Each structure stands twice: as structure tokens, then as C-alpha cells.
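In: how would this look folded up:
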Amino acid sequence: MEQPPLFDLPAPRVLSAVQLLESLLFIAGEALTVAQLAQALELPADAVEAAIETLAAACAERGVRVQRHGDQVQLVSAPEASAVIERFLGVQPQAKLSAAALETLAIIAYRQPITRAQVDALRGVDSSGVIRALLGRDLVTEAGRLETVGRPIVYSTTDEFLRQFGLTRLDDLPPIELPEVVQLTPLVEPK
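Out: The predicted structure is shown next:
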């Protein structure tokens, strides 16, 4: 006599590309590139891009968001939940940024990649100490060097910048008008 199954499980259903994408981003724990996602999902990059946009729209009112930084994509908690998450994790909130740090960070965010000299020219004061502090808080990073005399370092924002300011991508920055900056020469990509 045949024994009945312990559990009467339904047949597995096929998940959509958006659902599979969400699963991958959830378990990854870090940012993934569109190419990595396309390979894992066995889909062309444009189909992955469409799935990312659909998932981002679906998450817009939820406790998690889709965050993009260049070609990198990841799931992050909603910025509005930060106080509850910090309390749950026992994390002390970081000290607020100074006016000089916010000004410098805004210049870098809107003009990236940008050199310290270009930031100094826009601010009218030396920004080296402020940039060091922003590097220490992982809000900006060295993004390469210019092919010019002295090969100055250029700076750009990080994924942590996006997280702390509740942005999913740089395109979400509000429009702002900054004075023009003289563009020197093309970047040398970091090795």
C-alpha cells in the first residue's frame, strides 16, 4: 500500500524576471552589476534594465528600495526607516555634516568627477580637510587621475552617499545650477 505524502505541496510556479531579480538582489547582500544579473538570469541586459525599472517602481512605497550607482544595483532599506533600523541594531547616529562638508559634497555630487582644485575654485577656499573627512565617512572616493601636469586626483560620490541621502541613483538629485568649472583633460581610470 502506497503511503500518502506528508505534505501536499503545490507544483512550483514559474517566477517572472522581476521576481527573480528581486530574489537575487535580496540574497546578494551587495551591489551587483547589470552584466552579473544578466548572466545569472540568462537574459539580455536590456531585459534586465526593464526588470530593474519595474522592481524600482514596485518598491517605491515599500520598506526596501532599488538603488543604482552607475552600473551597480542593490536592494537597500528605505531612508525613512533609518531611525528604527539604527535603534534595532544599536547603532549610534553619525554626527551631522558641517556646512562646509555639505557644500563640498554637493559640488562633488553635481560635478563629478572633479578635482580638489576645481572644488576649491567653486568654494573660494581650501577644501582638502573637508574632502579628507568625506573620504573618511565613505561619502566620496578617488575616482582616478587627470592626464595633466601633477596628475591630480578626481573625486566622485559613493554608494554610501546614495544610501545616506536616500537616493536610488544620482539622477534623483534635485536640479541645481552651479557655476561652470573649467574641464581639464580626460581621466585616467584607476587600476
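
In: How is the chain divided into domains?
Out: Annotated domains of the chain cover 17-81, 94-188 [automatic domain parsing].

In: least reliable of those going by mean pLDDT?
Out: When the domains of the chain are compared on average pLDDT, domain 94-188 comes out lowest at a mean of 87.

In: Give me the distance from that one to the chain's centre.
Out: Averaged C-alpha coordinates place domain 94-188 at 15 Å from its chain's average position (CA atoms, centre = their mean, to the nearest Å).

In: Then stretch 34-48?
Out: The answer for stretch 34-48 is 19 Å, by CA atoms, centre = their mean.

In: What residues of it count as buried?
Out: V34, Q36, L37, A38, L41, L43, V48 (16 or more other CB atoms under 10 Å). Quick note: C-beta positions are derived from backbone N, CA and C, even for glycine.

In: now swap in stretch 92-100 and tell me
Out: L97.

In: all strands in this structure, in order from the N-terminus.
Out: For the chain, applying DSSP state E gives strands covering 32-33, 64-69, 72-77, 114-115, 140-146, 153-157, 187-188.

In: quick revisit: for the domains of the chain, give me TSV that also has distance to F88.
Out: Shown next, in TSV, are the domains of the chain (distance: least, CB to CB, whole Å):
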stretch	distance to F88
domain 17-81	10
domain 94-188	17
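
In: tell me, what residue is most central in this protein?
Out: Centroid check for the chain by CA atoms, centre = their mean gives D159 as the closest residue, at 3.3 Å.
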